[in-house]
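[1] return atomic coordinates for the entry below.
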Amino acid sequence: MHPDDPSDQNLPAADQANRPADPASTERTIGRHRVAEPQRRGPRALLTSTPVRVALATGVTCCLGFAGYAATRAGTGDQGAPLAQAVADRAALADERASRSLERTASPTPASPSASPSPTVKPSPTVTRKAPKKPKKPSRPRPVAGLTQVQMDNAKVIVDVGRKLDVPKQGLIIAVATAMQESTLLNYASGVLPESQDYPHQAIGWDHDSVGLFQQRPSSGWGTVAELMRPAFAAEAFYLALLKIPGWQDMSLTMAAQSVQVSAFPDAYAQHEERATTVVEALT
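    Presented below is the predicted three-dimensional model:
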């Protein structure tokens, strides 16, 4: 209906107040109802409408996202090309190494168990030389019959020499008893012979030139001073003289000893027979 229709102008004031204000409304309050024709809008009106603005914003956002993705792919593509090339080069190098390993000569096969093994040179054993053992010192005899250790040692020398000469036991007792009487089983030097004091001795006597265990005189031909100062030599000289006396084994100890010593006190030897027997028993 035309806007200047007289019917619209003749409407009462109350009806005009109740008339819808929306010009786009398709319903008329007067007369018959009809669908209003859509109004034609210009480009500015379309741009300012809410649906169009939402669509434009969405499109811009998608464009910006696509542009960022494209830039990222472009950067990745720039870095991915050298990486892919490096991977390809490494694969080619691995193939080349594998082909070279195939061209190498095969490692020698181990010898079969039946093959004779090479002789093994065994080191010669080290010879360890042992230090020579020091000779054991003879144990010193335990003193008996009231003797000191020095006297017992001298008695042992006398007995050992007699046994070496195969002198019977009776002769050993005669020799020990004679030394008990002559020197109390001590190796005497002589105050008359200063030379005798140059040798090991245990006492000094003054009976002429008598020296040693048996007080034998160098001037009587028993030996030199040096010889007679040795207990073993003096004992051997006594035994050799005793063995030359015929029947000495049947004589008393005093008579046998006196036959060798020619002492001024022939009966003095008998007093030592018991002790001498004890000593010889301990040493044999």
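[2] does the closest residue to residue 201 other than its chain neighbours count as helix, strand or coil?
    Excluding the flanking residues, the one nearest residue 201 by Cβ to Cβ, 6 or more residues apart in numbering is residue 189, at 3.8 Å. The way it works is simple: take the backbone N, C-alpha and C, and place the C-beta from them, glycine included. Following DSSP: H, G, I helix; E, B strand; the rest coil, residue 189 is assigned to strand.
[3] measure residue 189 to residue 196 for me?
    4 Å (Cβ to Cβ, to the nearest Å).
[4] mutual contacts of those two, please.
    Applying Cβ atoms under 8 Å, 6 or more residues apart in numbering, one finds that residue 189 and residue 196 are jointly contacted by 211, 229.
[5] thinking the residue nearest to residue 201 is in contact with residue 211, fair?
    Yes - counting by Cβ atoms under 8 Å, residue 189 touches residue 211, with 6.2 Å between them.
[6] which residues do the two both contact?
    Joint contacts of residue 189 and residue 211 (Cβ under 8 Å, 6+ apart) are 196, 205, 229.
[7] against residue 228, how distant is the first one?
    For residue 196, the distance to residue 228 under the criterion Cβ to Cβ works out to 8 Å.
[8] of these two, who's got more company?
    Remark: of residue 196 and residue 228, residue 228 carries more neighbours, 28 against 24, as counted by other Cβ atoms under 10 Å.
[9] report how many residues lie close to residue 128.
    By other Cβ under 10 Å, neighbour count at residue 128 equals 5.
[10] which of the three states applies to it?
    Residue 128 ends up coil, using three-state DSSP.
[11] now do residue 139
    At residue 139 the chain is in coil, as set by three-state DSSP.
[12] let me know the pLDDT of it.
    Residue 139 is assigned 79 on the pLDDT scale.
[13] what about it, distance to residue 283?
    Residue 139 sits 12 Å away from residue 283, going by Cβ to Cβ.
[14] between those two, point out the one with more neighbours.
    Taking other Cβ under 10 Å, residue 139 and residue 283 do not tie; residue 283 has more neighbours (19 against 6).
[15] helix/strand/coil for the closest residue to the more buried one other than its chain neighbours?
    Ranked by Cβ to Cβ, 6+ apart and with sequence neighbours excluded, the top spatial neighbour of residue 283 is residue 159, at 4.5 Å. State at residue 159, reduced to three classes by three-state DSSP: helix.
[16] distance of residue 159 from residue 225?
    From residue 159 to residue 225 the distance is 25 Å (Cβ to Cβ).
[17] those two: which has the busier surroundings?
    Between residue 159 and residue 225, counted using other Cβ under 10 Å, the more crowded position is residue 159 (22 against 19).
[18] now the shared contacts of residue 189 and residue 211 in TSV, with secondary structure, distance to residue 217 and pLDDT?
    What follows is the shared contacts of residue 189 and residue 211, written out as TSV (DSSP: H, G, I helix; E, B strand; the rest coil; distance: Cβ to Cβ, whole Å; pLDDT from 0 to 100):
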residue	secondary structure	distance to residue 217	pLDDT
196	helix	11	96
205	strand	11	95
229	coil	13	98
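[19] thanks again, I'm all set now.
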